[in-house]
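Colleague: Starting from these lines, generate the structure:
(one chain, ligands or ions: 1)
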Amino acid sequence: MAELDPRSLIFVAGLLGLLCSAILFMLRRSFPPSIGGLNEWSWGLSGMVVASGLFGMTGAIPDLFCVVLANAMLVGGIMCFYAGFRHFAGLPSRSRLLKTVLLLVTAYVAWFTYVSPHYPSRALLVTFANTILFLACTVLVYRTTGASLAGRFTCMVFTGIGMVSAFRIGVLLLHFDATTSVFGATPMQKIYLAALAFSVLAITLGAIMLANERLRAELEFIASHDQLTKAYSRGAFIDILARELGRSLRSGRPLALLMCDLDSFKSINDRFGHAIGDRVIIDFAQRVQEVLRNIDCLGRYGGEEFVILLPDASPKDAESIARRICGHIAATAPDAALPHYTVSIGLAIAQEGTMQVDTLLSAADGALYRAKANGRNRVELAFPPPQQRRGERWAAA
Ligand SMILES: Nc1nc2c(ncn2[C@@H]2O[C@H](COP(=O)(O)OP(=O)(O)OP(=O)(O)O)[C@@H](O)[C@H]2O)c(=O)[nH]1
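Modeller: Presented below is the predicted three-dimensional model:
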């Protein structure tokens, strides 16, 4: 720390910021627009780079640039980070509030530069504004992504730089720091500038980790869900079914499977067109969720056929849920543009010995076939025969 003078620290911070903002600007293009925040983070870093450059030219250029504009760019840059995290979290930007605060901070800095020149007063307010922003970022990131590794890392970085800033406020308030300019080589000034330089790098790393984590989650969702209805895709549903069958075998808890098929769907397509047919499929997936419990799982098996897994549902409960689905769907759809439609359901209960995914699926399918044959808009039950002894492994279809 002794060898590092504030001018070198400001230079390092600027260089790191330049590198990081170039990385973020390049990455911005490779992420889909659904991952918000990268734009604001890139601009935030650019603001901090400009601020470092201006601070570094203190003495060589007018105070308007190296003091007033530099501080405004520093606070504005950190504000951009905050706005980026709000965007990332899907929250409104609060840009009007941020702009007003930035204007007030700039006016205050200008006052203590020209009217009543006093470096500690300027440093105090700018550090105070930055501390509030760092802590606001910590809370925001913790609330939205705190449980993930990237979220925890980013929170730690913001907490760290927030604490250094808060400590600087205390030091300035207690007059322990005799700094009279940005280049004042006091220990506090060096610690603060070093923390800022380090945090530029660490915040960029955190932002990239957060964006990557979000991208992975989005890709996983796309891979495991049906695009039209957002229900699980057939493959993902079968994986869940195999897992739940295993759990049911180990715990002895009941498990039920419903196979649902929209009735006479071909005629809906023929009479109203394919687009309305698609909307009916979406409507079914949405309205069926209104009847299901949180632990239940809906999958699109194909076309107008859906599968529903009911963990921990006794045969009586499962039958009651299936009948409620039938009644709910047969009632008028809230969307007046959709035709009236009904659903037939085959219900299979995973009994002791029903250990294979395909056994359960074909039992539900057989029951569905009977529901269609017996007039549609109804529920039929199947109790598949035991195939394997308890203790044998469930096998995926
Ligand atoms: N609009 C739309 N139609 C689909 C989709 N997937 C499958 N279909 C149509 O769904 C219809 C299914 O018809 P069928 O299997 O003959 O059965 P159904 O008319 O529902 O008669 P039942 O099942 O016996 O009540 C076919 O016409 C398919 O083209 C889809 O994603 N969107």
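
Colleague: what ranges of this protein fall below the confidence cut-off?
Modeller: 1-4, 176-185, 352-355, 384-397 (pLDDT under 70).

Colleague: so what's the closest residue to Ser93 other than its chain neighbours up against?
Modeller: Closest residue to Ser93 apart from its sequence neighbours, by CB to CB, 6 or more residues apart in numbering: Ala83 at 5.2 Å. The way it works is simple: take the backbone N, C-alpha and C, and place the C-beta from them, glycine included. Ala83 makes contact with 40, 44, 93-95, 98, according to CB atoms under 8 Å, 6 or more residues apart in numbering.

Colleague: next one: Gly146
Modeller: 152, 155.

Colleague: With His225 instead?
Modeller: 231-233, 236.

Colleague: how about 10 Å then?
Modeller: 231-233, 236-237, 299-300 (CB atoms under 10 Å, 6 or more residues apart in numbering).

Colleague: got the phi/psi numbers for it?
Modeller: phi -120, psi 150 (degrees, to the nearest 10).

Colleague: Next, the closest residue to the ligand within the stretch 101-250 of the chain: secondary structure please.
Modeller: With CB to the nearest ligand atom, the shortest gap between the stretch 101-250 of the chain and the ligand falls at Leu228, namely 6.3 Å. Following DSSP: H, G, I helix; E, B strand; the rest coil, Leu228 is assigned to coil.

Colleague: Next secondary structure after the biggest helix by length in the chain?
Modeller: The longest helix of the chain (DSSP state H) is helix 187-224. Later in the chain than helix 187-224, the nearest helix or strand by DSSP states H and E is helix 234-251.

Colleague: Check the offset of that next one from the chain's centre.
Modeller: Counting by CA atoms, centre = their mean, to the nearest Å, helix 234-251 is centred 26 Å from the centre of its parent chain.

Colleague: quick check: angle from it to helix 187-224?
Modeller: 100 degrees (axes from the mean of the first three to the mean of the last three CA atoms, to 10 degrees).

Colleague: What angle do helix 234-251 and the following helix or strand past helix 234-251 make with each other?
Modeller: Sequence order places strand 255-262 as the next helix or strand after helix 234-251, per DSSP H and E. Angle, strand 255-262 to helix 234-251, by the same axes, to 10 degrees: 150 degrees.

Colleague: hey, C-alpha coordinates of strand 255-262 in PDB?
Modeller: Below are the C-alpha coordinates for strand 255-262, written out as PDB (Å, rounded to 0.1, in the frame of the first residue of the first chain):
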ATOM      1  CA  LEU A 255     -48.700 -41.400  -6.700                       C
ATOM      2  CA  ALA A 256     -51.200 -40.900  -9.500                       C
ATOM      3  CA  LEU A 257     -50.900 -40.200 -13.200                       C
ATOM      4  CA  LEU A 258     -53.600 -38.600 -15.300                       C
ATOM      5  CA  MET A 259     -53.600 -38.800 -19.100                       C
ATOM      6  CA  CYS A 260     -55.800 -36.100 -20.600                       C
ATOM      7  CA  ASP A 261     -56.900 -35.700 -24.300                       C
ATOM      8  CA  LEU A 262     -59.000 -32.800 -25.600                       C
END
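
Colleague: Which one of the contacts of Ala83 is nearest to Ser199?
Modeller: Gly44 (11.9 Å; CB to CB).

Colleague: what about that closest one, neighbour count?
Modeller: Look at Gly44: counted by other CB atoms under 10 Å, it has 29 neighbours.

Colleague: got the angle for whichever strand or helix holds it vs helix 187-224?
Modeller: Using DSSP H and E, the element containing Gly44 is helix 38-56. When the same axes, to 10 degrees is applied, the directions of helix 38-56 and helix 187-224 differ by 160 degrees.
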